[in-house]
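> got a structure for you, letters missing:
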């Protein structure tokens, strides 16, 4: 029975490859075009610290999506909320009850104008927080502290949302996070429909592969998309998972890409190879059932020496890639010569006949006219066949000091000396995506 189901899944996925890219282009009735960039200029101040640091009501850069049917309108999503690194593996949450959410913005001239908010809630309708999960259920091992240094309670349903996909069949939201990893299905009002993870603590009884629980702390499922037919969710792990250990994957450039059958819960996994051990995946967006855009970046501020940095968008194809998922769903995942796929060298990947996804660069974000001053390019959307959009995570305008000391300072861009803020960059492509 298991082999029959697997064959059905493979056949369905192959059929999805024949479906052409959803027409992302939304006609503007006024005939205007997008600006080179649009900035969230009016973010409110949520809190001012004793030393004068301002925490802004921005942070809308974790992911983005076009509002279906509305030219110039975008959904932008926060992460878990304002936080900075503290001492001794702690995280400082100046607003521990922050409610992660999606906001709708409209491009007006060169400005992002706030329209409305969709707050994330659990199945009972209670607002979610971004506080860390419980041990063994997605906790990343960090000690969560409030602004005064007092411990704050973990939250079994806390979410560090990073990937956003709109279901084309009903307009509901699918969101992935960095904690568990979890994939959470929200209705149009932001109320939880289903929560899926490797631990069995979700709802509905469905699980992600056990091996994904070995994600690097706070480097869970950073990107999430859905195929144009609405049949498959596709998520990207942000970094190599610690499988079998942190030390064993220190030189790894292999990221796991997950394909999740929405109807059956069956999964497949593929290997994506990053350009460097210093780069990670920030986002994935579907073009067709088997081709996608992936945003790969380092974590350094741009503007100094672009030649040493990588902030790029790649087109990938999974149609000829090797399925590296484990049919027995072991915690180690499928083994190759006694080793996990995550610890294999480049030569061992080849000798084990593992074919990663193919990739080709379609945009160098650092080469856009006027420059790119940010560190975190995180949200990605397809505008049409020859244009994409990228938004940065501004971290609510705050960061940790160079030496963490349980305090907060303003996030200043080195190349502009201005406070970071959310900006959508509209990037023309020299070659069509399809």
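All right, it came through fine. Every value quoted in this text rests on a predicted model; they were computed, and no experiment measured them.
> From residue 38, how far out is the closest residue to residue 29 other than its chain neighbours?
Spatial nearest neighbour of residue 29, chain neighbours left out: residue 71 (7.3 Å); criterion: Cβ to Cβ, 6 or more residues apart in numbering. Every C-beta, even on glycine, is put in place using the N, C-alpha and C of the backbone. Per Cβ to Cβ, to the nearest Å, residue 71 is found 13 Å from residue 38.
> Compare these two (neighbour count), which wins?
A direct count of neighbours by other Cβ atoms under 10 Å for residue 71 and residue 38 places residue 38 higher, at 25 against 17.
> Kindly indicate whether the more buried one is helix, strand or coil.
Of the three states, residue 38 takes strand under DSSP: H, G, I helix; E, B strand; the rest coil.
> wait, what's in contact with it?
Counting by Cβ atoms under 8 Å, 6 or more residues apart in numbering, residue 38 makes contact with 107, 109, 110, 111, 112, 423, 424, 426.
> Hmm, the residue nearest to residue 29 is touching residue 33, no?
No. Counting by Cβ atoms under 8 Å, residue 71 stays clear of residue 33, with 10.2 Å between them.
> ok, now which ones touch residue 368?
36, 425, 427.
> same question, residue 281
By Cβ under 8 Å, 6+ apart, residue 281 lies in contact with 222, 223, 236, 237, 238, 239, 255, 272, 274, 294, 295, 296.
> What's the local residue count around the fourth one?
Spelled out, that is residue 237. Residues lying near residue 237 (other Cβ under 10 Å) number 28.
> In this structure it contacts residue 218, no?
No. Contact criterion Cβ under 8 Å: residue 237 and residue 218 do not qualify, at 12.0 Å.
> about what we covered before: now restrict the contacts of residue 368 to buried residues only.
By neighbour count, with 16 or more other Cβ atoms under 10 Å, these hold 425, 427 as buried.
> could the contacts of residue 368 go into TSV alongside pLDDT?
Formatted as TSV, these follow (pLDDT from 0 to 100):
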residue	pLDDT
36	97
425	98
427	97
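> Out of the contacts of residue 368, which is nearest to residue 328?
Comparing these against residue 328 with Cβ to Cβ places residue 427 closest, at 43.0 Å.
> Specify the local secondary structure of residue 347.
Per three-state DSSP, residue 347 ends up helix.
> Run through the helices of the chain in chain order.
Secondary structure of the chain by DSSP state H: the helices cover 2-16, 346-351.
> For these, which has the smallest mean pLDDT value?
For the helices of the chain, the bottom mean pLDDT is recorded on helix 2-16, which sits at a mean of 40.
> and the gap between residue 383 and residue 103?
19 Å.
> If you count surrounding residues, which of those two has more?
residue 103 (22 against 19).
> what's the pLDDT at the more buried one?
At residue 103, the model reports a pLDDT of 98.
> Please look at it and residue 115 and confirm they touch.
Yes. If you go by Cβ under 8 Å, residue 103 and residue 115 touch, sitting 7.5 Å apart.
> what number of residues lie near residue 342?
Counted with other Cβ under 10 Å, residue 342 comes out at 24.
> got a list of what it touches?
For residue 342, the contact set (Cβ under 8 Å, 6+ apart) comprises 240, 241, 243, 244, 248, 249, 252, 254, 256, 333.
> Quick one: residues contacting the second one.
This means residue 241. Counting by Cβ under 8 Å, 6+ apart, residue 241 touches 211, 212, 214, 215, 216, 249, 256, 342.
> got it, and the third one?
With Cβ under 8 Å, 6+ apart as the criterion, the residues that contact residue 243 are 211, 214, 249, 332, 333, 340, 342, 343.
> one step back: residue 404: which of the contacts of residue 241 is nearest?
Residue 404 has its nearest neighbour among the contacts of residue 241 in residue 216, at 19.1 Å by Cβ to Cβ.
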